[in-house]
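Enquirer: Sequence and predicted structure are below.
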Amino acid sequence: MTDNNIYTRQMAILIFLSSTVIKLSSLPALWAMEISTSVFLAMIIMSVIEIIIFCLVYVFVQADGIKMLDETKVKYPICIALYLYFFAKLFTFMAFVANFISNFMFDSISLYILIITIIVPVVYLGIKGMRSIARSGEFFVIFSVICYFLLLAFLEADFDFGRFKPFLAIDSTAFFKSGFSYGLWFGDALPFIFVTVKKSKKAVLPVTIILTYTLICVVLMLSVAIFGDAIVIADNLLVNLSMFNQLSSVLGRLQWLSIVPWLFGSYLECGMLFWAMTESGMRIVGKKVPVIVFSALALTIPYMAMKRYDFIIENTSGILGYVMFAAMILIVVSILIVLNVRRRKNAKAI
């Protein structure tokens with residue numbers, strides 16, 4: 001079994017890097033097709049839910065809940081649900097990574113080369129384990145923070161905050177229905193179910209979580225103020241924002257301010273998801289190597305067979321989104337129930 005023991009500061013760094021890439025860059029344009037500029041309000045609400053989920057998962061992690069879960073037979077249905085959850089999330093996110101690489105880095109690249117380019121480092125990170133992923137995050141985070149700072153601090157655009165009016169641009173029922181249909185994009189905390197945490201600076205984790213989701217909402221707010229309803233054509237929000245950086249008049253095109261941290265964060269996020277898949281699968285079948293091989297093939301072969309990925313991007317909401325949102329809530333509730341039951345049994349045994 002790999003060493004899954006990380007520091008709280010490393011957990012904070014991974015939260016920041018993984019939550020500010022695929023979700024922030026690609027979700028707003030898709031979401032705005034349904035709810036227009038109300039995407040800002042929707043992101044605020046979902047960010048609050050994400051923070052709550054993080055807090056609940058951290059309670060489980062801090063109590064070494066995974067050890068208690070491993071002692072029960074309930075781990076089998078929970079781990080099956082977790083495996084399917086992580087698989088669906090990673091399989092979908094691979095399409096967005098492929099889309100990013102083909103649109104912003106290489107032209108006319110074959111899909112099988114794209115998938116190999118994605119799956120090999122993702123599987124490698126998953127095999128190395130969460131501790132290695134966390135250390136990689138520590139190495140890249142400073143550069144990513146600098147890139148985000150340069151991207152946002154020197155924006156020069158026509159900010160029209162009147163584009164937020166009305167704040168709720170659609171019917172409230174349709175608004176909440178649409179919000180939950182994008183459940184696939186949330187649940188960033190769930191891979192951390194399988195870690196154990198060494199405490200470092202206590203304030204680092206809560207402060208980072210709050211700042212991360214504040215950053216997501218601020219970037220989206222600025223984007224709506226710049227693009228308005230046209231945000232639907234911003235297929236990668238971070239890259240589109242880089243076009244408004246006033247430093248470009250001196251330094252030239254600054255898309256790299258978005259591309260470099262995006263690649264770091266997306267590969268780390270996908271690596272975490274693959275690692276979490278293997279941790280779930282290992283608890284089901286008892287062996288890790290077959291799980292790794294099966295998971296890698298299950299992610300790769302469908303892409304090779306279908307030879308296109310755009311329809312995956314177009315179908316990230318709807319029934320799949322509702323199922324993923326419900327699964328996220330049920331999984332968190334289930335692990336907390338297991339934690340409380342085991343705690344009571346252990347207390348009685350003493």
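Expert: Looks like it came in fine.

Enquirer: Could you list the buried residues of stretch 317-336?
Expert: Within stretch 317-336, the residues that count as buried by 16 or more other CB atoms under 10 Å are 317, 320-322, 324-325, 327-328, 331-332, 334-336. From N, CA and C alone the C-beta is placed, and that goes for glycine too.

Enquirer: Check stretch 143-151 too.
Expert: 144, 147-148, 151.

Enquirer: Just the CA atoms of it, as CSV, please.
Expert: Taking Å, rounded to 0.1, in the frame of the first residue of the first chain, the C-alpha atoms of stretch 143-151 are listed here in CSV:
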residue,chain,number,x,y,z
PHE,A,143,4.7,29.3,-9.9
SER,A,144,0.9,28.8,-10.3
VAL,A,145,0.2,31.5,-7.7
ILE,A,146,2.5,33.9,-9.5
CYS,A,147,0.8,33.2,-12.8
TYR,A,148,-2.7,33.8,-11.4
PHE,A,149,-1.5,37.0,-9.8
LEU,A,150,0.0,38.3,-13.0
LEU,A,151,-3.1,37.3,-14.9
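
Enquirer: That stretch: how far from the chain's middle?
Expert: A distance of 19 Å separates the centroid of the chain from that of stretch 143-151, by CA atoms, centre = their mean, to the nearest Å.

Enquirer: What's the mean pLDDT across that stretch?
Expert: What stretch 143-151 shows for mean pLDDT is 84.

Enquirer: on that earlier part again, could you list which of the buried residues of stretch 317-336 belong to helices?
Expert: The helices, defined by DSSP state H, take in 320-322, 324-325, 327-328, 331-332, 334-336 from these.

Enquirer: what's the spacing between stretch 304-319 and its chain's center?
Expert: 18 Å.

Enquirer: same check, this time on stretch 282-290
Expert: Computed by CA atoms, centre = their mean, the chain-centroid distance of stretch 282-290 equals 25 Å.

Enquirer: Next, the distance between the ends of that stretch.
Expert: 9 Å (CA to CA, to the nearest Å).

Enquirer: And the strands in this structure, which stretches?
Expert: Along the chain, counting by DSSP state E, strands occupy 5-7, 196-198.
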